[in-house]
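Undergrad: predicted model, plus sequence, below.
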Amino acid sequence: MDQLDDRVKKEILEYTEDTPSTLKDDIWNHIDQELFHTKREREKKMKKKSKIIPIIIAAAAGVMILFSTQTDTGSAFIKQIKDIFIPEKEIVQSIEGNEEETNVNLQEGKDSDYIIYIDEERYKLIPGDVSDIITTKEPLEERYPEVSMEIKQYMDIEPSEMVVTLEKELASKYEKVTETESVSDPVKGFKIHGISGSEWNSPVTNVYVVDNLNGGSFVITEKYFLEAAEGHGARFYAMLQEFKIVE
Amino acid sequence: MNDDILEEIKNGSRDAFKQFYDTYEGYAIRTAKAITKNDEHAKDAVQEAFIRVYRNISSYKSTLSFDAWFYRILVNECYRVLTKEKKSTPMDTTTMEYSEQLTEHPKENLSDLYSVIQNMADIYRIPILLKYIKGFSEKEIATILDLNQNTVKSRLFNGRNLLKNQLKMMEMEGS
């Protein structure tokens, strides 16, 4: 290090060292409150709530059976279960190397069998007869390959069986398909990854298979293109972390 | 960053996180003060950076140096604070972040090197601050700022040249 470096370093350190001793404590107190006290308070509230929630669930489930032939009324009670989940929250996701705070909104999946939180600024959930599709709010130009995330439930096919079928299906559609792996993030289940090519617009897919806890599977199929891996790919990943099965 | 502490933080230990805070806060505050040029903004950026580190610690991958990861979050928080501030105050185009002009007030008589640095455009100023405050290498600065290493090299070179000239002028004036 020469004379210039020594002098620059010395000056910067001199100019930045005059920190009031209380600043360090103020910052820590804020962090402590935000991370640890709020957490404890939330846990306390959750403990109180947890005594109430099973009662609500049991009551709702009972009434659902009672009203199973009356769809509208049944749906109203399913919505009571949904009330357990907050309607909107903020998540932090890593997009193209930057941490980004995003507001996500609660969405109810087909037949109220699952919930997911969606970044409604960018995406929308299109409910379908056989599956739900999350896609960009604004349609993409034609030059871009499909960007979507489909959530489909197979009531009678267990995950292990489903994976075998999907492996074959993907192998016929994509040039390269990775070996199925067990994952715990963004969902707990199996993951198969497929890609065709290495251009910016090469189609990419991630297929997740999740146990529906009732003898069947949820199959979640993400589709985007290589250049969008850190954009749409990362956003799908973050939304999928909020996927929950309603038992 | 010690692996054991990292693991304890991942498991939610408040004591481990406090230990980490005590080790990192000093240089974090210095860096944020230098980047934001304002104590209150620095406080805001440092607080949020530590909170983000705790909440995202599970996404940290050991392929990246922990310090580079931490400072990347901190610098992004400083940018966020500065952007928020720019939105709420009338924009002075001479202080625009991406201005390529080396100094914002080239004709001003700057009597010390710190003032010279603080009047450089951000693209030169921030790499220089990271280099001298924490002693980061070009490679680490490139990681922190998400830039190509050659870009960092050239920006440091230009910034350092300006400082060299300023130092010469100051010495001539003093002699």
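TA: The structure has been received and is ready for your questions.
Undergrad: the closest residue to chain A within chain B: which element?
TA: Nearest residue of chain B to chain A, counting by Cβ to the nearest Cβ: B:R30, 4.0 Å away. (C-beta placed from N, C-alpha, C; glycine too.) B:R30 belongs to helix B:14-36 when assigned by DSSP states H and E.
Undergrad: ok, now A:G194?
TA: strand A:189-195.
Undergrad: tell me what that strand is packed against?
TA: helix A:159-173, strand A:176-177, strand A:181-183, strand A:203-211 (3 or more Cβ pairs under 8 Å, 6 or more residues apart in numbering or on different chains; DSSP states H and E).
Undergrad: list the buried residues for the helix holding B:R30?
TA: B:14, B:16-17, B:20-21, B:24-25, B:27-36 (16 or more other Cβ atoms under 10 Å in any protein chain shown).
Undergrad: longest helix in chain B, please.
TA: Criterion DSSP state H: the longest helix present in chain B is helix B:149-174.
Undergrad: is the residue nearest to A:V209 when sequence neighbours are not counted bridged to anything, and to what?
TA: Of all residues beyond its chain neighbours, the one nearest A:V209 is A:F190 (4.4 Å), with distances taken as Cβ to Cβ, 6 or more residues apart in numbering or on different chains. Bridge pairing for A:F190 (DSSP bridges) gives the partners A:S182, A:V209.
Undergrad: A:F190 contacts A:S182, doesn't it?
TA: Yes - taking Cβ atoms under 8 Å as the definition, A:F190 is a contact partner of A:S182 at 6.1 Å.
Undergrad: more neighbours: which of those two?
TA: A:F190 (22 against 8; other Cβ atoms under 10 Å in any protein chain shown).
Undergrad: so what strands line up beside the lengthiest strand in chain A?
TA: Determined from DSSP state E, the single longest strand within chain A is strand A:98-108. Using DSSP bridges, the strands paired with strand A:98-108 are strand A:88-95 (antiparallel), strand A:114-118 (antiparallel).
Undergrad: any residues of chain A in contact with chain B? List them.
TA: A:4-5, A:7-9, A:11-17, A:19-20, A:23-24, A:26-28, A:30-32, A:34-36, A:92, A:94, A:97-99 (Cβ under 8 Å from any Cβ of the partner chain).
Undergrad: narrow the residues you listed to those that are buried.
TA: Buried, going by 16+ other Cβ under 10 Å: A:7-9, A:11-12, A:15-16, A:19, A:23-24, A:27-28, A:30-32, A:34-35, A:99, out of these.
Undergrad: buried residues in stretch B:1-9, which are they?
TA: For stretch B:1-9, the neighbour count (16+ other Cβ under 10 Å) marks B:M1, B:I5, B:L6, B:E8, B:I9 as buried.
Undergrad: show the contacting residues for the last one.
TA: Meaning B:I9. If a contact means Cβ atoms under 8 Å, 6 or more residues apart in numbering or on different chains, then B:I9 has B:A16, B:F17, B:F20, B:Y54, B:I57 as its contacts.
Undergrad: in JSON lines, list the residues you listed along with pLDDT.
TA: Formatted as JSON lines, those follow (pLDDT from 0 to 100):
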{"residue": "B:A16", "pLDDT": "93"}
{"residue": "B:F17", "pLDDT": "94"}
{"residue": "B:F20", "pLDDT": "94"}
{"residue": "B:Y54", "pLDDT": "90"}
{"residue": "B:I57", "pLDDT": "85"}
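Undergrad: near chain A, which residues of chain B are found?
TA: Residues of chain B lying near chain A (Cβ under 8 Å from any Cβ): B:14, B:17-18, B:21, B:25-26, B:29-31, B:33-34, B:39, B:43, B:46-47, B:50-52, B:54-56, B:59, B:72-73, B:76, B:112-114, B:117, B:128-129, B:132-133, B:146, B:160, B:163-164, B:167.
Undergrad: distance of the residue of chain B closest to chain A from A:V207?
TA: 48 Å (Cβ to Cβ, to the nearest Å).
Undergrad: and if you look at A:E230?
TA: Per Cβ to Cβ, A:E230 is found 19 Å from A:V207.
Undergrad: on the three-state scheme, the residue lying closest to A:T165 once chain neighbours are set aside is what?
TA: What sits nearest to A:T165 in space, not counting adjacent residues and going by Cβ to Cβ, 6+ apart, is A:I157, at 7.6 Å. Of the three states, A:I157 takes coil according to DSSP: H, G, I helix; E, B strand; the rest coil.
Undergrad: so who does A:I157 touch?
TA: A:I157 sits in contact with A:T165, A:G216, A:S217, where contact means Cβ under 8 Å, 6+ apart.
Undergrad: how about the residues you listed in JSON lines, adding neighbour count?
TA: Formatted as JSON lines, these follow (neighbours: other Cβ atoms under 10 Å in any protein chain shown):
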{"residue": "A:T165", "neighbour count": "13"}
{"residue": "A:G216", "neighbour count": "19"}
{"residue": "A:S217", "neighbour count": "26"}
